[in-house]
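S.K.: got a structure for you, letters missing:
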């Protein structure tokens, strides 16, 4: 079988699994779980074979005309270079882990068949984005992911939070997709083709007439899809969906698509120094803002959501300094440990017995209850904090090293100021990341909140997946930084001495600050009595995420005792804690700038339609109606009346004729 055929099967298998799952979900429920797990697993095997054949060498290109357009044709094309080969493995690997984990996590969910099918479709769409060699075909996968995220985030549609979050995710990403679509058309028009190879060839020969405009339009879509400032606000709210969906979105699909798109078309952005500077500023603001916000969140999944936003900021920062190898290296490492963080958080939520908004301040004694989640989440948090020798250290240091080289005068495709912006923001974010990672670990596993009842042993499928993901979280970075340059642009990804010392030192300082603040707060705070638990009110299983795991078991308890007051975030942030916890009120700003004016305009249109247009229409209809009524009154059906009217009319006409004749 040719490599092209294998590559075509990689996105096709999850798609076929999704179709079969939707068709057989009700009629043959026994096939749902195999259809959920086997297609992404087969896609993973095929993606590994494609990567082995590609080997980091010359890109694999194949295309056929999909449709003639009369101007710029659309091709069904594959373009598989080292980036695409490795990212496809990541997507298939994480999707397989999520599907296996979900078989236990959502084992009693009545909507599991549609959920599993949508996860497979989500996976297929991302793989299409990764392998596509034509921008229009890539756009298809890009938009399919958007609609899949809408349905999956709103899986618990019985809750208003899930409905609002799914709608917000869809609308905010579409807000970026509109200029993104315009930018794609402009890029194809300037380059004379939507084929990625021809677009890059046109850029190399200086064939783009409007590089800055095109790059900025494309960045709007990237900001929406990859949750970068200012279009990042949908991602924390998307935590209302099932935790495995969060793992998939944050680790391998959706948010990774924007970063991957810029990496694949980086020469387009490098053609404009202004666009690279905008990208650097966007990355810096995203990193710092998300780090502060994560330090103030109480919900464990929202902490991880803001963490994802910040780590994506690292990736866009690497792209802003022109090093796509460092960006994709961090994308690969982050995919492993962020999937582990979310899936371990799902185990913590299950054990804590809290609702889908899993407040860390209300957790207690979880280390002994979920030892597998404790140890694997510790590994993932150390990788997130970039502590050597965990994978996050090597990938994050590659970003810092790239920014440091540009900032210190090494030639690059971006202004030196962009290097300084990214470097300073990334170092500050390293401190914040270690601080909120330490805070999460302390509150979740050493918390002093009220203790929830024990809900039994977790399914083995959940535990196995956690340990599988722990392996790359621990070992991937040390192995990859030596091997990956040959798959990318050949640029070294090895940590540099200066940035390693600065980054690791700041991470250690951040962790110690969080620990010291936690001890200080704990010394002042009264201990909450254990066992202070009240029964959760009965309701729909979708109202409580843990109840979706055990819908036929007794409802989980909700903690009645006061939350743990030993929150180091309050001490570390001081007066910034409130604004940071509210995401710096960006939603309120957007509501004032966009939502309220749109609602006001809609009210005005409704008034004009009802009071002006409808009045005119009613007036236009009133005259014919009155004339019709008058004519209807003349039609009495009485012959004598008709004869009398005829005679009267004859007399009137006769008199009129005589008068006219006498006057003449």
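M.R.: Done, it's in. Just so it is clear, the model here is predicted, and its values are computed rather than measured.
S.K.: Now residue 80, what are its backbone angles?
M.R.: phi -120, psi 100 (degrees, to the nearest 10).
S.K.: Give the next helix or strand downstream of the helix or strand containing residue 17.
M.R.: Using DSSP states H and E, residue 17 maps to helix 3-24. Once helix 3-24 ends, the next helix or strand along the chain (criterion: DSSP H and E) is helix 32-54.
S.K.: Could you point out the helix or strand that follows the top helix by length along the chain?
M.R.: For the chain, the longest helix by residue count, based on DSSP state H, is helix 160-191. The element immediately downstream of helix 160-191 (helix or strand, assigned by DSSP H and E) is helix 196-204.
S.K.: Direction-wise, compare the longest helix of the chain with helix 196-204 and give the angle.
M.R.: 60 degrees (axes from the mean of the first three to the mean of the last three C-alpha atoms, to 10 degrees).
S.K.: Can you name every helix or strand that helix 160-191 contacts?
M.R.: helix 135-153, helix 196-204, helix 211-225, helix 234-237 (3 or more C-beta pairs under 8 Å, 6 or more residues apart in numbering; DSSP states H and E). (C-beta placed from N, C-alpha, C; glycine too.)
S.K.: Could you give the average pLDDT over that helix?
M.R.: Averaging pLDDT along helix 160-191 yields 94.
S.K.: Over to stretch 570-579?
M.R.: 92.
S.K.: can you check stretch 399-406 too?
M.R.: 95.
S.K.: And for that stretch, what's in contact with it?
M.R.: By C-beta atoms under 8 Å, 6 or more residues apart in numbering, the list of residues contacting stretch 399-406 from outside reads 314-315, 317-318, 321-323, 326-327, 330, 412, 414, 416, 418-420, 422-423, 426-427, 430, 493-496, 498-499, 502-503.
S.K.: Following the chain onward from the helix or strand bottoming out on mean pLDDT in the chain, which element is next?
M.R.: Scoring the helices and strands of the chain by mean pLDDT, DSSP states H and E places strand 557-559 at the bottom, with a mean of 34. Heading C-terminal from strand 557-559, the first helix or strand you meet, by DSSP H and E, is helix 568-573.
S.K.: Counting by contacts, list what that following helix packs against.
M.R.: Short answer (3+ C-beta pairs under 8 Å, 6+ apart): helix 568-573 packs on helix 416-445, helix 497-524, helix 577-581.
S.K.: Out of the ones you listed, which is closest to residue 37?
M.R.: Nearest to residue 37 among those is helix 416-445; the distance by C-beta to C-beta comes to 28.8 Å.
S.K.: and the angle from that closest one to helix 497-524?
M.R.: 30 degrees.
S.K.: which strands and helices sit next to helix 416-445?
M.R.: Where contact means 3+ C-beta pairs under 8 Å, 6+ apart, helix 416-445 is packed against helix 273-294, helix 300-320, helix 366-369, helix 371-384, helix 391-407, helix 497-524, helix 568-573.
S.K.: Between helix 391-407 and the longest one, find me the angle.
M.R.: Spelled out, it's helix 497-524. Counting by the same axes, to 10 degrees, helix 497-524 lies at 130 degrees to helix 391-407.
S.K.: So for helix 497-524, mean pLDDT?
M.R.: Mean predicted lDDT for helix 497-524 stands at 92.
S.K.: Show me which residues of it are buried.
M.R.: When neighbours are counted by 16 or more other C-beta atoms under 10 Å, the buried residues of helix 497-524 are found to be 499-500, 502-504, 506-507, 510-511, 513-515, 517-518, 521-522.
S.K.: Can you name the two of these that sit furthest apart?
M.R.: Maximum distance among the buried residues of helix 497-524 (C-beta to C-beta): 34.1 Å, for 499 and 522.
S.K.: Might you calculate how far the host helix or strand of residue 644 sits from the centre of the chain?
M.R.: In this structure, residue 644 sits in helix 639-663 according to DSSP H and E. Mean-position distance between helix 639-663 and its chain equals 85 Å (C-alpha atoms, centre = their mean, to the nearest Å).
S.K.: same check, this time on stretch 362-379
M.R.: 27 Å.
S.K.: re the thing from before, I'd like the mean pLDDT over the helix holding residue 644, please.
M.R.: pLDDT averaged over helix 639-663 gives 84.
S.K.: thinking again about what came up before, using TSV, lay out the helices and strands packed on helix 416-445 together with distance to residue 194.
M.R.: Below are these laid out as TSV (distance: least, C-beta to C-beta, whole Å):
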stretch	distance to residue 194
helix 273-294	20
helix 300-320	22
helix 366-369	51
helix 371-384	37
helix 391-407	30
helix 497-524	39
helix 568-573	47
